[in-house]
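Undergrad: Okay, sequence plus prediction incoming.
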Amino acid sequence: MSNKEAEKLPDAGPQDPFADTQSLVAHVVPAGVDRRSFFIRAAVGGAAAVMTGGSPSTEEKTAKAAATAAPAAPAPSAAAPPLAADLNVVMKEKGPILTVADEFYKVGPGPSSSHTIGPMRITYDFYQRAAKLPADKLDTATKLQVNLFGSLSATGKGHGTERAALAGLVGKEPATVDPKFLDSLRDKPDQVFPVKLGNKSIDVSLKDVVYDATKGDFKHPNTMTVKLLAGNNVLLEQEYYSVGGGFIEWKGYEPPKKNAPKYPFATMKELRGYADTNKTTIAKIMLANEMSIMNRSEAEVYAFIDKIINAMVATVKSGLSMPEDDVLPGPIKLHSKAATVYKRAMDDKFEADRGLGALSAFALAASEENGRGHLVITAPTGGSAGVMPALVYALLEVRKVDRQKVRDGMLAAAAVGYLCKHHATLSAAEGGCQAEIGVASSMAAALTATAFDAPSLVVENAAESALEHHLGMTCDPVAGYVQVPCIERCAFGAVKAWTAYAIASNEIASRHRIDFDETVTALGQTAKDMNSKYKETSEAGLAQSVVLC
Ligand code: SF4
């Protein structure tokens with residue numbers, strides 16, 4: 001029916017009882033009554049009355065519906081307690097973004113940036129603080145103790161959090177720790193290590209890492225404390241938070257002083273505005289900011305980006321080179337599949353299927369490395385460590401895209417990650433898997449679009465699309481191990497990134513309906529509303545339904 005025809009139709013009069021079904025339904029849901037059930041009862045009751053010639057008042061409809069509707073379901077144990085307002089990660093939601101690439105892209109052992117890299121950085125930080133105590137205090141020290149709370153306690157065992165925490169305590173750093181050291185802690189858990197503090201040597205072992213309360217009034221779901229004790233006396237104690245992506249904070253944390261960015265932005269709209277006004281790219285605006293915030297040269301910024309690109313290529317190569325029958329650590333006894341998927345994809349007679357299979361295999365390869373606890377790169381997290389490397393590898397090693405374009409892509413991808421961190425979260429313990437794989441896929445879409453010289457609006461649209469189609473995704477790793485669903489999820493995140501780029505580069509960019517900033521707002525809101533059981537606790541979803549035997 002055309003608009004004109006519609007205009008000609010007479011208004012439905014009051015003689016037509018079905019003309020305005022709104023009038024059949026009372027709109028105020030009484031307290032204690034289930035909303036859905038109430039509306040159905042109200043509508044049915046109203047319609048029945050009209051059909052039998054009656055015309056119930058709103059009050060009558062309300063009373064009847066309330067009497068027959070189901071009682072309201074108890075409020076879900078749902079929403080995790082809000083993050084403490086004084087955490088830097090919360091406070092800096094206001095103001096321009098000051099995150100830089102070497103804070104964001106971190107190399108470290110898998111399987112989880114928040115549960116391995118963060119805790120290792122935390123205990124390493126504590127070890128350095130303790131070493132600075134006066135010698136007479138250190139002389140009395142008898143024990144080091146780590147207590148894990150919240151999600152760190154709930155799923156830390158599956159993530160190897162206790163091994164990571166012990167490694168930091170004995171002076172190992174995430175970027176340089178030999179994964180074999182962590183493997184040896186798993187294989188020989190009774191090992192004891194001397195920690196030198198001044199003249200004192202204190203023995204530590206995995207027994208000094210305590211899995212403490214999983215629920216409580218924590219500032220952040222990933223909370224831990226580290227103590228240096230002299231008998232029962234506390235010589236030094238610090239409360240820390242692993243706030244996602246390997247970032248850490250502590251009680252009283254003050255962010256490091258930084259310079260003002262050349263192009264201060266807090267939204268994609270502002271960032272793209274700078275790029276378009278200056279007739280340049282998002283990547284070049286990001287480069288200028290990286291240089292001004294940290295007072296670095298262009299060569300220094302690119303040297304760091306190259307290091308990360310090389311590490312990403314290495315992690316894919318390493319994963320692909322593992323034997324086809326390799327079994328990942330942990331109770332799931334999951335067989336690796338990257339090498340098999342790659343080999344079979346290469347034999348596929350259809351080129352498009354070869355591409356999809358190979359891209360999936362690259363993501364599986366890097367993600368399986370994460371599952372092995374080998375070195376991975378947070379982009380933005382360990383759980384999502386297969387997504388960005390898959391696209392970097394495909395662009396550089398398969399498509400032979402110029403390295404400078406991939407560097408630019410890494411900077412555009414970083415912008416996407418910074419914005420998600422700034423306005424929402426990168427932590428599965430706060431926002432579920434949408435905050436990990438969703439953000440990784442969005443970053444990878446921006447990387448791909450940038451590497452193929454797409455205009456800034458297409459870069460934004462691709463990132464938006466990839467993020468949008470992960471909204472609501474929960475985190476429920478089986479047995480607390482970052483393997484199921486995580487490893488395959490990385491493959492899907494990589495393929496979705498490619499699809500997002502394919503759509504964004506083929507649609508009319510100005511007609512793309514949703515802004516990236518709107519989707520990031522939805523990510524943050526969905527994270528807040530998500531039932532806490534689905535936030536890296538392994539208390540629900542697949543972690544509940546999958547039975548290991
Ligand atoms: S389900 Fe997603 S968010 Fe949760 S551990 Fe796995 S990859 Fe990370």
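TA: Received, thanks. Worth saying up front: this structure is predicted, and the values here are computed from it rather than measured.
Undergrad: Following element in sequence after the lengthiest strand in the chain, please.
TA: Ranked by number of residues, the top strand in the chain under DSSP state E is strand 233-244. Sequence order places strand 247-250 as the next helix or strand after strand 233-244, per DSSP states H and E.
Undergrad: Which strands and helices lie in contact with the next helix or strand after that following strand?
TA: Note on strand 247-250: by DSSP H and E, the next helix or strand toward the C-terminus is helix 268-277. Here helix 268-277 touches helix 282-294, helix 403-423, helix 456-468, helix 516-529, going by 3 or more C-beta pairs under 8 Å, 6 or more residues apart in numbering; DSSP states H and E. In this view, the C-beta of every residue, glycine as well, is placed from N, C-alpha and C.
Undergrad: go with 7 Å
TA: Using 3 or more C-beta pairs under 7 Å, 6 or more residues apart in numbering; DSSP states H and E as the contact test, the elements touching helix 268-277 are helix 282-294, helix 456-468, helix 516-529.
Undergrad: got the contact list for the residue minimising distance to the centre of the chain?
TA: The residue lying closest to the centre of the chain (C-alpha atoms, centre = their mean) is residue 436, at 2.3 Å. Neighbour list for residue 436: 381, 383-384, 426, 428 [criterion: C-beta atoms under 7 Å, 6 or more residues apart in numbering].
Undergrad: Apply 6 Å and report the result again.
TA: Contacts here follow C-beta atoms under 6 Å, 6 or more residues apart in numbering; on that basis residue 436 touches 381, 383-384, 428.
Undergrad: again, but for residue 521
TA: Taking C-beta under 6 Å, 6+ apart as the definition, residue 521 has no contacts.
Undergrad: State the distance from it to the ligand.
TA: Separation of residue 521 from the ligand (C-beta to the nearest ligand atom, to the nearest Å) stands at 20 Å.
Undergrad: what do you get for residue 547?
TA: 18 Å.
Undergrad: again, but for residue 267
TA: As for residue 267, its distance to the ligand is 25 Å (criterion: C-beta to the nearest ligand atom).
Undergrad: My guess is residue 424 contacts residue 525. True?
TA: No. Using C-beta atoms under 6 Å, residue 424 makes no contact with residue 525, being 8.4 Å away.
Undergrad: for the protein, what's the longest helix?
TA: helix 298-320 (DSSP state H).
Undergrad: List the contacts of that one.
TA: 101-102, 105, 107, 290, 338-339, 342, 362, 365-366, 368-369, 376-377, 389, 392-393, 407, 410.
Undergrad: ChimeraX command for the buried members of those?
TA: Of the contacts of helix 298-320, the buried ones go into a single ChimeraX selection, burial set by 16 or more other C-beta atoms under 10 Å:
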select :101,102,105,107,290,338,339,342,362,365,366,368,369,376,377,389,392,393,407,410
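Undergrad: Out of the contacts of helix 298-320, name the ones that lie in strands.
TA: Among the contacts of helix 298-320, the ones falling in strands (DSSP E) are 107, 376-377.
Undergrad: For this structure, which residues score under the pLDDT cut-off?
TA: Regions of the chain meeting the criterion pLDDT under 70 cover residues 1-82, 85-86, 88-94.
Undergrad: Which secondary structure state is assigned to the closest residue to the ligand within it?
TA: Per C-beta to the nearest ligand atom, residue 383 is where the chain lies closest to the ligand, at 2.5 Å. Under the three-state scheme (DSSP: H, G, I helix; E, B strand; the rest coil), residue 383 adopts coil.
Undergrad: hang on, the earlier thing: neighbour count winner among residue 424 and residue 525?
TA: Of the pair residue 424 and residue 525, residue 424 is the one with more neighbours under other C-beta atoms under 10 Å, namely 26 against 12.
Undergrad: thought residue 261 was touching residue 295?
TA: No. Counting by C-beta under 6 Å, residue 261 does not reach residue 295; the two are 11.7 Å apart.
Undergrad: Specify which residue of the two has the higher count of neighbours.
TA: A direct count of neighbours by other C-beta under 10 Å for residue 261 and residue 295 places residue 261 higher, at 19 against 9.
Undergrad: Leaving out the residues flanking it, which one is nearest to the more buried one?
TA: In space, and not counting its chain neighbours, residue 261 is closest to residue 289: 4.2 Å by C-beta to C-beta, 6 or more residues apart in numbering.
Undergrad: now do residue 163
TA: residue 185 (4.3 Å).
Undergrad: Can you name the next helix or strand after whatever helix or strand the one you found lives in?
TA: According to DSSP H and E, residue 185 maps onto helix 179-187. Stepping forward along the backbone from helix 179-187, the first helix or strand reached (DSSP H and E) is strand 193-197.
Undergrad: other SSEs contacting that following strand?
TA: Contact partners of strand 193-197 among helices and strands, from 3 or more C-beta pairs under 6 Å, 6 or more residues apart in numbering; DSSP states H and E: strand 200-204.
Undergrad: quick one: the longest helix of the chain to helix 403-423, angle?
TA: Interaxial angle, helix 298-320 versus helix 403-423 (axes from the mean of the first three to the mean of the last three C-alpha atoms, to 10 degrees): 90 degrees.
Undergrad: Enumerate the positions of helix 298-320 that are buried.
TA: Neighbour counts using 16+ other C-beta under 10 Å place 301-302, 304-305, 308-309, 311-320 of helix 298-320 among the buried residues.
Undergrad: give me the subset of those residues touching the ligand.
TA: Here nothing survives when these are matched to the ligand using C-beta under 6 Å from any ligand atom.
Undergrad: Show me which pair in those residues is furthest apart.
TA: The most widely separated members of the buried residues of helix 298-320, counting by C-beta to C-beta, are 301 and 320 (29.4 Å).
Undergrad: Now for residue 292, how many residues are close by?
TA: Residues lying near residue 292 (other C-beta under 10 Å) number 16.
Undergrad: ok, and the closest non-adjacent residue to it?
TA: Closest residue to residue 292 apart from its sequence neighbours, by C-beta to C-beta, 6+ apart: residue 262 at 4.2 Å.
Undergrad: who are the neighbours in contact with the one you found?
TA: 288-289, 292.
Undergrad: pretty sure residue 539 is touching residue 532, no?
TA: No. Residue 539 is beyond contact range of residue 532, at 8.5 Å (criterion: C-beta under 6 Å).
Undergrad: Show me which of these two is the more surrounded one.
TA: More neighbours surround residue 532 than the other of residue 539 and residue 532, with 22 against 17 (other C-beta under 10 Å).
Undergrad: separation between that one and residue 428?
TA: 12 Å (C-beta to C-beta, to the nearest Å).
Undergrad: Ok, residue 108 next?
TA: Residue 108 is 16 Å from residue 428, by C-beta to C-beta.
Undergrad: and the two? which has more neighbours close in?
TA: Per other C-beta under 10 Å, whichever of residue 108 and residue 428 has more neighbours is residue 428, with 36 against 25.
Undergrad: Pretty sure residue 476 is one of the things that one touches, is it not?
TA: No. Between residue 428 and residue 476 there is no contact, the gap being 9.6 Å when judged by C-beta under 6 Å.
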